[in-house]
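In: from the sequence below, what's the structure:
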Amino acid sequence: MIRKTIVLATLLTLGFSATTTLAQSVTCARVRDPDGWVNMRDLSSGQVVGRLNNNTYLAYRSVTSDGYAILVSALNRGVHQSRLETVPSRSCNVFWTVQDDDGWSNLRGSPGGDVIGRVRSGGRVLRIGGGGDWAQVITSDGTVGYIHNSRLRGMSTW
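Out: All right, here's what the predicted structure looks like:
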């Protein structure tokens with residue numbers, strides 16, 4: 001598996017706490033499932049909290065004893081490793097910063113759809129897909145939604 005060390009600054013900008021385990025390896029992968037999508041689960045409850053479509057690129061830092069890859073973008077979210085294909089680290093998407101003069105940007109359930117939350121200006125998200133004017137993202141608390149591309153600025157790569 002292709003692994004790369006993630007830098008402390010990237011984790012801190014996502015709001016993760018500083019611990020001695022921050023310098024950790026990550027694996028870049030993409031969703032590959034016969035159904036065309038895979039469930040994303042809350043690892044503490046096991047409940048389905050979202051769905052990632054095939055060819056969604058992501059990064060995970062480790063795998064639980066029952067086979068769930070723990071997403072770098074949200075420490076309590078995971079997808080089953082058997083539904084992932086390891087890819088070169090250059091394939092991992094970049095983290096993005098929300099930049100909006102209002103001080104926040106709407107997070108929507110679908111492109112142009114209902115507002116399901118807000119991400120403050122300066123907040124970090126991981127882009128996992130989308131198309132056209134909308135980016136599908138995962139926030140640091142693990143919420144999956146869409147933000148208009150005009151509100152995102154590139155931040156860093158793996």
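In: could you chop the protein up by domain?
Out: 3-91, 95-156 (automatic domain parsing).
In: now render the ones you listed as TSV, adding mean pLDDT and mean neighbour count.
Out: Glycine gets a C-beta too; all of them are placed from N, C-alpha and C. Below are the domains of the chain laid out as TSV (pLDDT from 0 to 100; neighbours: other Cβ atoms under 10 Å):
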stretch	mean pLDDT	mean neighbour count
domain 3-91	74	16
domain 95-156	88	17
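In: residue ranges of the helices in this structure, please?
Out: Under the criterion DSSP state H, helices of the chain are mapped to 8-13.
In: what's the spacing between C28 and A59?
Out: Using Cβ to Cβ, to the nearest Å, C28 is found at 5 Å from A59.
In: same deal with A74?
Out: Remark: distance between A74 and A59 (Cβ to Cβ) = 11 Å.
In: again, but for D66
Out: For D66, the distance to A59 equals 20 Å [Cβ to Cβ].
In: next one: D102
Out: Counting by Cβ to Cβ, the gap from D102 to A59 is 30 Å.
In: ditto for V48
Out: Applying Cβ to Cβ to V48 and A59 gives a distance of 21 Å.
In: kindly report the same for L107.
Out: Counting by Cβ to Cβ - L107 and A59 are separated by 20 Å.
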